[in-house]
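Undergrad: could you look at this predicted model? Sequence included:
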Amino acid sequence: RRGGGGPVQRLARRLLGLGLKRRQYERGAAFFSYVADARGIEAASAVWNGPQNLPTDAEIDDPAAWLTRVDP
């Protein structure tokens, strides 16, 4: 069960989850900073123009590839 286990196991799961969220945030922030520095805030906000503009998992770590594909 998801909530099962002892208190130490529950704490470990919670800490691991927070670590993953932090890593997601860091990757997203680095992506946005790269795109904004390269092409401006407007280009970075193009990610919200439609689902076709969302970066893939690989593009999050390679924003230049996203810029090439989307060309905002």
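TA: Received the coordinates, thanks. Keep in mind the model is a prediction, meaning the values are calculated, not measured.

Undergrad: low-confidence ranges in this protein?
TA: 1-4, 19 (pLDDT under 70).

Undergrad: next up, the contacts around the residue nearest in space to the middle of it.
TA: When the chain is reduced to its mean C-alpha position, the nearest residue by C-alpha atoms, centre = their mean turns out to be G28, at 3.4 Å. Neighbouring residues of G28 by C-beta atoms under 8 Å, 6 or more residues apart in numbering: I60. The C-beta positions use only the backbone N, C-alpha and C, and glycine is treated the same way.

Undergrad: which element is it on?
TA: G28 is part of helix 7-39, with elements assigned from DSSP states H and E.

Undergrad: centre of the chain to that helix, how far?
TA: 7 Å (C-alpha atoms, centre = their mean, to the nearest Å).

Undergrad: which of the residues in it are buried?
TA: Residues of helix 7-39 classed as buried by neighbour count (16 or more other C-beta atoms under 10 Å): F31, F32, Y34, V35, R39.

Undergrad: tell me the helix or strand right after that helix.
TA: As the chain continues past helix 7-39, the following element, by DSSP H and E, is helix 41-45.

Undergrad: quick check, distance from the helix or strand that that next one is followed by to the centre of its chain.
TA: Note on helix 41-45: by DSSP H and E, the next helix or strand toward the C-terminus is helix 57-61. Relative to the centre of its chain, helix 57-61 is centred 8 Å away, using C-alpha atoms, centre = their mean.

Undergrad: other residues contacting helix 57-61?
TA: Contacts of helix 57-61 (C-beta under 8 Å, 6+ apart): R27, G28, F31, A65, W66, R69.

Undergrad: could you redo the last one with a cut-off of 7 Å?
TA: Here helix 57-61 makes contact (C-beta atoms under 7 Å, 6 or more residues apart in numbering) with R27, G28, F31, A65, W66.

Undergrad: need the max-distance pair from these.
TA: Largest separation among those by C-beta to C-beta: G28 and A65, giving 15.6 Å.

Undergrad: in TSV: the contacts of helix 57-61, plus distance to T56.
TA: Shown next, in TSV, are the contacts of helix 57-61 (distance: C-beta to C-beta, whole Å):
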residue	distance to T56
R27	12
G28	13
F31	11
A65	8
W66	8
